[in-house]
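> Prediction below, plus the sequence it came from.
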Amino acid sequence: MSFDYPNITQKNNPWHGKIDLIYAHRQNTTQIINSYHQAPLKIQRPFYPEGKAICHSIILHTAGGIVGGDKLSYNFHLEDNSQALITTAAASKIYRSNGLQARQSVNIKVNQGGCLEYLPQETIVFDGAIYRQDTEIYLAKNSTFIGWEITRFGRSARGEKFLQGDWRNHTVIYQEGKPLWIDRQWIPGCEEVFHSHHGLAGSAIAGTLIYIGNPVSPEIITQARNLWNGEGEIGATRLEHGFLCRYRGNSTTEVRHWFISIWHLVRQSFLGRSDCIPRVWQI
C-alpha cells in the first residue's frame, strides 16, 4: 500500500492560504484585535494557560500539506507591550512537486516592549518537493523574538532521502531598521549535497533556533551547549542582542528536546517566565 500524495495536478487551481493576526495589550491582557484567515489556514481560539498577559495561538492547516503552485502567507503584528506564543497544530508537509514551486512567506512585526515566541512544529519535505520560504522579522528597540525551525528532509522512517527537488529558506531579522541576522539556505535534492559535509552530511534533519532581545553572556552559550545530550551535531553562537543554535542529525526527539530546553533557559533568564509547554505538543 502506498501513502504517497495523490497524483493531483494543481496548476490551474493552487491554494493561496493566508492568515493575518494583530495582537494588542489592553487592560493587562494580550488580545487578538484583528484576525483574517483564508483556507486552508485557520486559527484556533486564543488560550491563556499562563495568564492573560501572554496569548497562545495555534494555527491549523486543514489541507494537511502543500504541493507545487501552492502559497501560504503568514502576517503577525504585535503592538506595543503585547506578548504572544504562536505554534502549529501538527507537522507541516511539503509534498512531491508537480513541476511548480510551493512557497511560504512569513512577515513578523514586533513593536516596542512586545515579545513573540514563534515555535512551529516540524516541517517534512518529501523527496521531489520544490519549495521556498521567505521570512522577514522587524523588531522595535526593546522588543523580543525567539523562534525555531525544524526541517526533516525526506520521510526517513520509510528510508526516503531528499535526492530530488529543491529547498530554499531565506530569513532576515531587522531591529530598528538594522539587519541583525541574514540567513540564506539552499539544499538542492541530489546525492552529492545530501552526503556532503557542507550539506546535510547524510542527516535527515536540520534545525535552527534564534533569540533576539538582550545581550547574551558567554555563560549563557555554555549553558545552551551543556543542555545538549544527543548524537547529532550542534552549535551555539552569540549574536548582537541574542544567540543562534543549529542542529544537524537524525532524531526529531533529540532536537526538540534540546530546543525546548534552550527555550526554557531563555524564558527563565531573560523573560522571567516559567515553563509552559503548548498542549498541542503533548498529543
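Nice, thanks for sending it over.

> Just the pLDDT at the closest residue to residue 139 other than its chain neighbours, thanks.
Closest residue in space to residue 139, ignoring its immediate chain neighbours: residue 175 at 4.4 Å, by CB to CB, 6 or more residues apart in numbering. For glycine as for every other residue, the C-beta is placed from the backbone atoms N, C-alpha and C. What the model reports for residue 175 is a pLDDT of 94.

> for residue 6, same thing?
Value listed for residue 6 in the pLDDT field: 38.

> got a list of what the residue nearest to residue 139 touches?
Residues in contact with residue 175 (CB atoms under 8 Å, 6 or more residues apart in numbering) are 139, 140, 141, 143, 212, 241.

> can you do 7 Å?
139, 212, 241 (CB atoms under 7 Å, 6 or more residues apart in numbering).

> got it, and residue 222?
Taking CB under 7 Å, 6+ apart as the definition, residue 222 has no contacts.

> A helix includes it, no?
Yes - assessed with DSSP: H, G, I helix; E, B strand; the rest coil, residue 222 lies in a helix.

> Just name the shakiest helix or strand of this protein by mean pLDDT.
helix 191-195 (a mean of 92; mean pLDDT, DSSP states H and E).

> Surely residue 41 touches residue 16?
No - Residue 41 is beyond contact range of residue 16, at 9.8 Å (criterion: CB atoms under 7 Å).

> In terms of neighbours, single out the busier of the two.
residue 41 (22 against 14; other CB atoms under 10 Å).

> Pull the residues that contact the strand or helix carrying residue 265.
Using DSSP states H and E, residue 265 sits in helix 252-266. For helix 252-266, contacts defined as CB under 7 Å, 6+ apart pick out 122, 146, 148, 150, 152, 205, 207, 209, 211, 223-224, 227-228, 230-232, 234, 245, 247, 249, 275.

> Now do it, average pLDDT.
97.

> What of stretch 37-56?
Confidence over stretch 37-56 (mean pLDDT, whole number) is 95.

> so where do the strands sit in the stretch 101-250 of the chain?
Using DSSP state E, counting those that start in this stretch, the strands found in the stretch 101-250 of the chain span residues 102-110, 115-118, 123-125, 130-139, 144-153, 166-175, 178-188, 205-212, 233-239, 242-249.
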